[in-house]
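> I would like to see how this sequence folds:
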Amino acid sequence: MANPSTTGGSGAGTEVLRRTFITGANNTNTNLLTVPADHIYTILNITIVNNNDAMKACHIFVSPDGSGTHYIIKSEPIPNETSFIWNDKFVVTAGDIVKIWCSSTVTDVWCSYIDQQFA
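Residues are numbered from 1 along each chain as shown. Take a look at the predicted model:
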């Protein structure tokens, strides 16, 4: 069990597979995940589906501790009627916000992640 404590782990906590999704992500910065206190999320994958008849672009980014912008991908082109799958894992911690922006309102997003909660 991951535990960011500097005084040693308690051995208590949970580890659960979860998912979240957005139907119709659009051209505003949309929160995909917000990490609560005492949690670590390991993002396993993010799938973005362009349901439009034209090429669109998407950003995936993190606001560390809820502020600023750190791009995971920027302006990823997604051809019409296709999907983009981000399979590289990354970790976000308490206060971080994973966000998405897409240049179309007919874009669906699916995210699978591990939620580690410690006490």
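
> bridging residues for the spatially most central residue of the chain?
Against the mean C-alpha coordinate of the chain, by C-alpha atoms, centre = their mean, the closest residue is V98 at 4.4 Å. Beta bridges link V98 to L33, V62, judged by DSSP bridges.

> how about the one 4 residues further on?
For C102, the beta-bridge partners under DSSP bridges are C58.

> contacting residues for it?
25-27, 48, 56-59, 109 (C-beta atoms under 8 Å, 6 or more residues apart in numbering). C-beta coordinates here come from the backbone N, C-alpha and C atoms, glycine included.

> nearest residue to E81 in space, please, no chain neighbours.
N50 (6.7 Å; C-beta to C-beta, 6 or more residues apart in numbering).

> might one say that the one you found is in contact with E76?
No: using C-beta atoms under 8 Å, N50 makes no contact with E76, being 10.4 Å away.

> overlap in contacts of these two?
F84.

> more crowded one of the two?
Each of N50 and E76 has its neighbours counted (other C-beta atoms under 10 Å); N50 has more, 24 against 15.

> and the pLDDT for the more buried one?
N50 carries a pLDDT score of 93 in this model.

> worst mean pLDDT across the helices and strands of this protein, which element?
Least confident helix or strand of the chain, by mean pLDDT, DSSP states H and E, is strand 13-25 with a mean of 93.

> in it, which residues are buried?
Across strand 13-25, burial judged by 16 or more other C-beta atoms under 10 Å covers 13, 22, 25.

> any figure for the gap between T93 and T30?
To T30, T93 is 21 Å away according to C-beta to C-beta, to the nearest Å.

> all strands for the chain, in order.
With strands called from DSSP state E, the chain shows them at 13-25, 30-34, 39-50, 56-63, 70-78, 82-86, 90-93, 97-102, 107-118.
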